[in-house]
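need a 3D model of the sequence below.
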Amino acid sequence: MKTTNPGRNLPNLRLVLMYRPLTILVTIAFALGLAGLYVLNAPSTFTSHAVILISPAPGNPLSAETASGNAMQTTVALETEAQLVGTESVMEVVEQHIDGNSLRDSDALSAIVPSNTQTLEISFTSTSPEEAQRGAQAFAEGYLEHRQNEAQAVLESTSDRLTEQIEDAEEKFQSVTAEASDDEATSYPSHETELLADRLARLNNSLIEAQGLSTYPGSVIVRAEYPEKANELPGWGIVAASVVFGLALGLGLGLVREWRGDLIRDETSVEPLGIPVLANVAMDSTLLTDTNANPTAYEAFRQLRTQIIAEGPCPRVVAVSEFVNEGAAGGSGRSADVAVNLALVLAEARFSVLLIATPSQEAEVRWLLKPSASMGTAEPSDYPPPNGQALEKLRGISLLTVGLDHLHSSDLTASRSFRDTVDELHSKFDYIVIASSAAGSADGDAALLASQSALLVISPGAVTQGLLWTTLERLERLGIAVGGAIFVRRTNQISRIARRGREPKESKQVREYAIR
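Sure, this is the predicted structure:
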């Protein structure tokens, strides 16, 4: 079976929620902390609004003498009026009525012209609702007062100018009239007299019209209201928004961390590599012959047995090897757990089973099966063991240990003698199950070469997809057929060192095997 590297895919959110909850919780807590600091330290602001209806007045673009009925001109005139609200001259009028220190903030005041109206909306913002109301009303009234003062000043200036022109015209008219009365030959008023009389009449009319103009600036049609709510979101709204933001950010960070970690979490991480997952077992380091102790795990091993049987006819040699990071030779003992329990369920089905324990797994196998000190061992001169002396049955399976304790190595499994011995015993048993060292290590690969199919024991969350693909590629080059993967989650973490401490002293004696 050709293995292909599927590359890295983004993990789904379920994996992120399952395996990166701390990242999500820390991010949410951080966002909540920032929101709390903001809520506690940021001042609340309030805005009040007042609406003015503007009337035409002398001296401004909306005055009667400049209005032409053009909509664009009216709009520009109103926008101009809005800009005048914040000028220094209006501010001086407002400060005559209230303290102007808080009114000088450039962000506190705004004036807009509502669409299709001749009104002006003045808004004032403050940290106090009372101050906001007072400021908006003061600016509305102060602007109208300033506008009236300006109109009155324009009207007085116009009246004074017209009065001066009238007085000058009257003086000239009297002078021309006196000259005409002295000239007896003239029976009609001179042309100049007529012109002066006409100009004097027009000036008088203009003065009357100017004095009749209204200086009414407009009125406050909507007084500034008392703001009941602050402009900012309420505290609970900010906290809720921070939780949503923190959750989204936490999921993003968790997704990135899970993707960069490239860890094998479940079947979806292995199947793209072309390796089927044969079983997913949650178990402690105990035997599974008692179906009541862990019925779920027991059923998983029975299903594994069915798939092993379906692989091919008996006899068959199956190697169980743990897959760990960096190819550590011993691993954590999960291959021994799976090999022992697989051998037991095969024996339950009335198959003859031989369990071979390599040196790295011998202590684990003996702790699980608790055989006699001599079971599974043989003197060098007696190997292969005569009359089944070292292969006596224990709980329906035969046990054989291979290795040299004082060498702490399984180099003998790489020898031709080991494979010859497996071939010799192959015909005597339906199944030979080898508890091998970790796949990817020299000892583990040597033991796998003697098998017909290999089962990889994977601890979810402990190894990466990239390393698994590299190992599978190496096993493929060696001609080792990988039958599938077994996920094992231990519910009771017992260290191998602790299990070694429980091993009977008799089994710790130095033993030497000569495998021919």
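
and residue 250, what pLDDT?
For residue 250, the pLDDT comes out at 93.

quick one: which helix or strand includes it?
Following DSSP states H and E, the helix or strand that holds residue 250 is helix 235-261.

for the stretch 251-400 of the chain, give me the ranges with low pLDDT.
284-291, 325-333, 377-390 (pLDDT under 70).

show me where it has strands.
277-283, 316-323, 353-357, 393-394, 397-401 (DSSP state E, counting those that start in this stretch).

for the ones you listed, give me JSON lines that also has distance to residue 445.
(Each C-beta comes from the backbone N, C-alpha and C, glycine too.) As requested, those are exported to JSON lines (distance: least, Cβ to Cβ, whole Å):
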{"stretch": "strand 277-283", "distance to residue 445": "21"}
{"stretch": "strand 316-323", "distance to residue 445": "9"}
{"stretch": "strand 353-357", "distance to residue 445": "16"}
{"stretch": "strand 393-394", "distance to residue 445": "28"}
{"stretch": "strand 397-401", "distance to residue 445": "20"}
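
any idea which helix or strand comes after the longest helix seen in the chain?
Scanning the chain for the helix with the most residues, using DSSP state H, yields helix 129-182. Moving toward the C-terminus from helix 129-182, the next helix or strand (DSSP H and E) is helix 191-212.

could you give the angle of that next one to helix 129-182?
160 degrees (axes from the mean of the first three to the mean of the last three Cα atoms, to 10 degrees).

now for helix 191-212, which elements pack on it?
Contacts defined by 3 or more Cβ pairs under 8 Å, 6 or more residues apart in numbering; DSSP states H and E place helix 191-212 against helix 129-182.

how far does the helix it packs on sit from the chain's center?
Relative to its chain's centre, helix 129-182 lies at 68 Å (Cα atoms, centre = their mean, to the nearest Å).

before we move on, what about stretch 233-250?
With Cα atoms, centre = their mean, you get 12 Å for stretch 233-250.

the domain parsing of the chain - what is it?
Segmentation of the chain into domains, based on automatic domain parsing, reads 13-42+235-261, 46-222, 280-508.

returning to that earlier point: buried residues in the helix holding residue 250?
Residues of helix 235-261 classed as buried by neighbour count (16 or more other Cβ atoms under 10 Å): 238-239, 242, 245-246, 249-251, 253-255, 258.

show me what that helix packs onto, helices and strands only.
By 3+ Cβ pairs under 8 Å, 6+ apart, helix 235-261 packs against helix 13-19, helix 21-41.

beyond the last one, next helix or strand please.
Using DSSP H and E, the helix or strand that directly follows helix 21-41 along the chain is strand 46-54.

can you list contacts of that next one?
By Cβ atoms under 8 Å, 6 or more residues apart in numbering, the surrounding residues in contact with strand 46-54 are 62, 78, 81, 118-129, 131-133, 135-137, 139-140, 143-144, 217-227, 229-231.

buried among these? Need that as a selection in PyMOL.
Applying 16+ other Cβ under 10 Å to the contacts of strand 46-54, the buried members can be selected in PyMOL as follows:
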select buried, resi 62+78+81+118+119+120+121+122+123+124+125+126+129+131+132+133+135+136+137+139+140+143+144+217+218+220+224+227
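
I'd like the distance between residue 470 and residue 322.
16 Å (Cβ to Cβ, to the nearest Å).
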